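Student: no sequence for this one, just the structure:
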């Protein structure tokens, strides 16, 4: 609650937080728009594979030519990280291998890191957070993106003395969306490919949101940060409105849909047969929690909290998230308070690759949101036991044998380069955290 005061003090001292932004896409551009208007914070350097795109992003975000002239542009992420006076690195590339490389460089350089790149976080976040702590810097999920907002709601509930029953987000889901490809994605969104291209919308990225991959990745990140546990069968995407959360997102033993207490789940704004759910939460996040006693349950009723019929289970939600427009909260938190806005404390959830169709030997996987695989949430212990292929490594590798539609791919199914930096980092994470991957109870973390 004091971040603006602390930022204003830094501005008055003439030493704003110096930020290096890596990745000038949509998320990064939204951050630029607000960083320009935030006291005590300055974007000193932007790294992008196309520096000209970064210049365009500055203009799109409202920066004048004079303001933009003060920002260094480069195509070298490491150079941006090592630039003079950088305190916080924002990694917003969306590419897991690049995200891991930039994270390791930032930690080695003694920079705090805000990891917008949730794909990289799910691939090796527990290890990256551990390394950052040892190095005396902060590794953080990105506020404004749904995982960090969910972590905030979980923390609020626990700090208030409530037991968190379930937490998650809303999305657009029907089962056949798992087979969606970049070629079919715009039909499901009801827009033309031409309109999407004119708006700069990336079909593979948007397809990741539609085919379930992004939901799996984000809920794995939430599980790893909060101690909440994925269900054995992954996400079920129940079609629920906000008024139905408390009655349904509670354990089956109490009449709900959950296989256990302390779960993560994504709810759908669309019904299976078609049509929209009333009072949907497509753009938002939620938490359900339980009253510890009759007195607290009576207080729920007295203050109008939405509950189930028993009055013991309640829900709160936030209807929207503003992604990059809110990212400055993370930048300020890590630099001024030394606190992450969510970070992995253990390895509890994984996002694994599932075949979208029958795949032939020799086919090359095209990763998140592509034509070949989608990402499914799986308990980390189950992923490890099955030798499942993480979605973050399912790009650019060829199949060693055929894989049937709907099957979870394994490491043995692909010709994986085990010496690639991302694969090595993932292997190190599994070795360090794998023995504790079944510790999915709330608050559990490896020793």
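Tutor: Done, it's in. Source: prediction; values computed, not measured. Numbering: from 1, shown residues only.
Student: For the rest of this, base every contact and every neighbour count on C-alpha atoms.
Tutor: Noted.
Student: Pairing partners for the lengthiest strand in the chain, with directions?
Tutor: The residue-count maximum for a strand in the chain (DSSP state E) belongs to strand 163-171. Strand partners for strand 163-171, identified by DSSP bridges, are recorded as strand 263-268 (parallel), strand 285-290 (antiparallel).
Student: Return the set of buried residues in it.
Tutor: Residues 163, 164, 165, 166, 167, 168, 169, 170, 171 are the ones in strand 163-171 that count as buried (16 or more other Cα atoms under 10 Å).
Student: gap between the fifth one and residue 252?
Tutor: Yep, that's residue 167 we're talking about. Note on residue 167: its distance to residue 252, by Cα to Cα, to the nearest Å, is 16 Å.
Student: Pull out the buried positions in the helix or strand encompassing residue 8.
Tutor: In the assignment (DSSP states H and E), residue 8 maps to helix 3-12. Buried residues in helix 3-12, defined by neighbour count with 16+ other Cα under 10 Å: 6, 7, 8, 10, 11.
Student: Residues touching that helix, excluding its own?
Tutor: 16, 17, 39, 40, 41, 329, 332, 333, 336 (Cα atoms under 8 Å, 6 or more residues apart in numbering).
Student: Now do the contacts for the fifth one.
Tutor: For residue 41, the set of contacting residues under the criterion of Cα under 8 Å, 6+ apart consists of 7, 11, 16, 17, 18, 19, 35.
Student: Tabulate those (CSV), appending distance to residue 76.
Tutor: As requested, these are exported to CSV (distance: Cα to Cα, whole Å):
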residue, distance to residue 76
7, 29
11, 29
16, 23
17, 21
18, 17
19, 15
35, 22
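Student: so which of those is the most crowded?
Tutor: For the contacts of residue 41, the largest neighbour count, defined by other Cα atoms under 10 Å, is 27 neighbours, found at residue 19.
Student: Tell me the spacing between residue 375 and residue 389.
Tutor: With Cα to Cα as the criterion, residue 375 and residue 389 are 10 Å apart.
Student: can you name the two of the buried residues of strand 163-171 that are farthest apart?
Tutor: Pairwise distances among the buried residues of strand 163-171 were taken by Cα to Cα; the largest, 24.7 Å, belongs to 163 and 171.
Student: So which residues of the protein form strands?
Tutor: Under DSSP E, the chain gives strands at 17-22, 41-47, 72-74, 88-91, 112-115, 139-141, 163-171, 263-268, 285-290, 313-318, 349-355, 364-366, 373-379, 395-398.
Student: Burial check on residue 215, number of neighbours?
Tutor: So residue 215, with other Cα under 10 Å, has 29 neighbours.
Student: What is the burial count for residue 277?
Tutor: 16.
Student: Touching, it and residue 240? I think so.
Tutor: Yes - Residue 277 lies in contact with residue 240 (Cα atoms under 8 Å); the separation is 6.5 Å.
Student: what do these two both touch?
Tutor: Counting by Cα under 8 Å, 6+ apart, the residues touching both residue 277 and residue 240 are 268, 269.
Student: mind checking how far the lowest-mean-pLDDT helix or strand in the chain is from the chain centre?
Tutor: Counting by mean pLDDT, DSSP states H and E, the chain has its least confident helix or strand at helix 193-198, which shows a mean of 86. Distance, stretch centre to chain centre, for helix 193-198: 26 Å (Cα atoms, centre = their mean, to the nearest Å).
Student: contact partners of that helix?
Tutor: 186, 202, 203.
Student: 7 Å - rerun?
Tutor: residue 186 (Cα atoms under 7 Å, 6 or more residues apart in numbering).
Student: buried set for it?
Tutor: Buried residues in helix 193-198 (16+ other Cα under 10 Å): residue 193.
Student: Kindly report the same for stretch 269-282.
Tutor: 269, 270, 271, 276, 277, 280, 281, 282.
Student: ok, residue 205 - contacts?
Tutor: Per Cα under 7 Å, 6+ apart, neighbours of residue 205: residue 369.
Student: Distance check, it against residue 405.
Tutor: Distance from residue 205 to residue 405, by Cα to Cα: 22 Å.
Student: In a markdown table, list the strands paired with strand 163-171 along with distance to residue 394, mean pLDDT and mean neighbour count.
Tutor: Shown next, in a markdown table, are the strands paired with strand 163-171 (distance: least, Cα to Cα, whole Å; pLDDT from 0 to 100; neighbours: other Cα atoms under 10 Å):
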| stretch | distance to residue 394 | mean pLDDT | mean neighbour count |
| --- | --- | --- | --- |
| strand 263-268 | 23 | 98 | 27 |
| strand 285-290 | 28 | 98 | 26 |
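Student: Could you tell me the average pLDDT over the longest strand of the chain, please?
Tutor: Strand 163-171 shows a mean pLDDT of 98.
Student: chain center to it, what's the gap?
Tutor: With Cα atoms, centre = their mean, you get 14 Å for strand 163-171.
Student: ok, residues contacting that strand?
Tutor: Counting by Cα under 7 Å, 6+ apart, 150, 154, 157-158, 219, 249-250, 261-269, 281-290 sit against strand 163-171.
Student: tilt between it and strand 313-318?
Tutor: 40 degrees (axes from the mean of the first three to the mean of the last three Cα atoms, to 10 degrees).
Student: What residues of the longest helix seen in the chain count as buried?
Tutor: In the chain, taking DSSP state H as the definition, the longest helix is helix 118-135. Within helix 118-135, the residues scored as buried using 16+ other Cα under 10 Å are 118-132.
Student: Over to stretch 288-304?
Tutor: Neighbour-count burial for stretch 288-304 [16+ other Cα under 10 Å]: 288, 289, 290, 291, 297, 300.
Student: okay, and for the stretch 301-447 of the chain, where does confidence drop off?
Tutor: 438-447 (pLDDT under 70).
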